[in-house]
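In: Test case, fold it:
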Amino acid sequence: MSTTHIQPLPNVRGRMSYTELGEGKKRTRNIREQTNRIAAQMGDMGTREDFIRFCSAMRRQSQGTRLNEGYELRVSWSPEELSRDSPEDIQRACEYGYALCKEVAPNAPCWVTVHTDGEGGCVHVHATIANHDLVSGTAIAHGTDHATV
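Out: Down below sits the predicted model:
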């Protein structure tokens, strides 16, 4: 059975840096070796950096009315559900994370990062949703609480 968590992100860049490089010794090693911890990724912008800039720009544009640049959904599966050694399972996790973002906020850009290096060997995704509805031009108004997700 998968588990899901949601958290607001005042700063998307910081979280996206973590999802790319990790923290502590893992981060230092990834920077030194020019590697990352991404098993798969997909999103609505051309690059991770494009997505980060968009989130930051939308918060700045709100002139202080938005506390958060985005939201992160984390979904983790047991090794019995999805195997970190299976490219098909990793891709399935990526696609599920993207579909979940579109369920929560259909008109908001998102970026999904899959990891296989978590404790216990679980495949998990960090699915980041921009706090901006492209249709209404406003912040995401609903669907960002744990009970809804």
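
In: so which helix or strand takes in H126?
Out: strand 124-130 (DSSP states H and E).

In: what's next to the helix ranked longest in the chain, contact-wise?
Out: When the chain is parsed with DSSP state H, its longest helix is helix 87-104. Identification of contacts with helix 87-104 by Cβ atoms under 8 Å, 6 or more residues apart in numbering yields 4, 39-43, 71, 73, 75, 77, 82-84, 108, 110, 112, 114, 116, 123-127, 129, 143-144, 148-149. C-beta: built from backbone N, CA, C; applies to glycine.

In: Moving C-terminal from the helix or strand bottoming out on mean pLDDT in the chain, which element do we reach first?
Out: Every helix and strand of the chain was ranked by mean pLDDT, DSSP states H and E. The lowest is strand 3-9, at a mean of 86. Helices and strands here follow DSSP H and E; after strand 3-9, the next one along the chain is helix 12-21.

In: relative to helix 12-21, how tilted is the following helix or strand past that following helix?
Out: Moving toward the C-terminus from helix 12-21, the next helix or strand (DSSP H and E) is helix 24-33. Angle between the axes of helix 24-33 and helix 12-21 is 80 degrees (criterion: axes from the mean of the first three to the mean of the last three Cα atoms, to 10 degrees).

In: State the mean pLDDT of helix 24-33.
Out: The average pLDDT within helix 24-33 is 95.

In: Direction included, what does the helix or strand following that helix pair up with?
Out: Counting by DSSP H and E, the next helix or strand C-terminal to helix 24-33 is strand 40-43. Looking at strand 40-43 with DSSP bridges, its partner strands are strand 110-115 (antiparallel).

In: Now the strand it pairs with: buried residues?
Out: 110-115 (16 or more other Cβ atoms under 10 Å).

In: Thanks a lot, catch you later.
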